[in-house]
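Participant: Return a 3D structure for these sequence lines:
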Amino acid sequence: MADHTVHRLPGPQGLTANLTIGALVHVLAALVYGLLSLLRLEGCDRADGLAAGWGLAVLLDLLLGGALLAGALRRTNGNRWAMLAGWGLTLVPFGVLAAATSSYIADLPSGCA
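Facilitator: Now for the predicted structure:
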């Protein structure tokens, strides 16, 4: 009889592997924000376009990060603390940058000049 079991690839192991993957997700979201801010999505109000780009980047970050983390947790071989610690450590700089960007957008003048 042939063995017809499906062999899954192992999930990323260790703190540094998960730290790298989490950081890459945040970098991708930052690149999306940068590209959307260069497109000048605003009409009369500059803050509206930047806020829209920021919202889309955060949404991408949360959806992609959540999907990758859920997939990695399903494939882990008992090393969950390293996986969660790696992803958790990437949230610190992301939170700081998200708060700084949010306050910058809030401080922009509104309305047409």
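
Participant: Which residue ranges of this protein form helices?
Facilitator: 15-38, 46-74, 80-107 (DSSP state H).

Participant: Dump those helices to CSV, plus mean neighbour count, mean pLDDT and distance to Thr5.
Facilitator: All C-beta atoms are positioned from the backbone trio N, CA, C, and that covers glycine. Listed next are the helices of the chain as CSV, based on neighbours: other Cβ atoms under 10 Å; pLDDT from 0 to 100; distance: least, Cβ to Cβ, whole Å:
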stretch, mean neighbour count, mean pLDDT, distance to Thr5
helix 15-38, 17, 82, 25
helix 46-74, 16, 80, 17
helix 80-107, 14, 80, 24
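
Participant: give the contact list for the most centrally placed residue in the chain.
Facilitator: Per Cα atoms, centre = their mean, the C-alpha nearest to the average position across the chain is that of Asp61, at 2.7 Å. By Cβ atoms under 8 Å, 6 or more residues apart in numbering, the contact set of Asp61 is 25-26, 28-29, 94.

Participant: which residue packs closest to Thr16, ignoring adjacent ones?
Facilitator: Excluding the flanking residues, the one nearest Thr16 by Cβ to Cβ, 6 or more residues apart in numbering is Gly86, at 7.1 Å.
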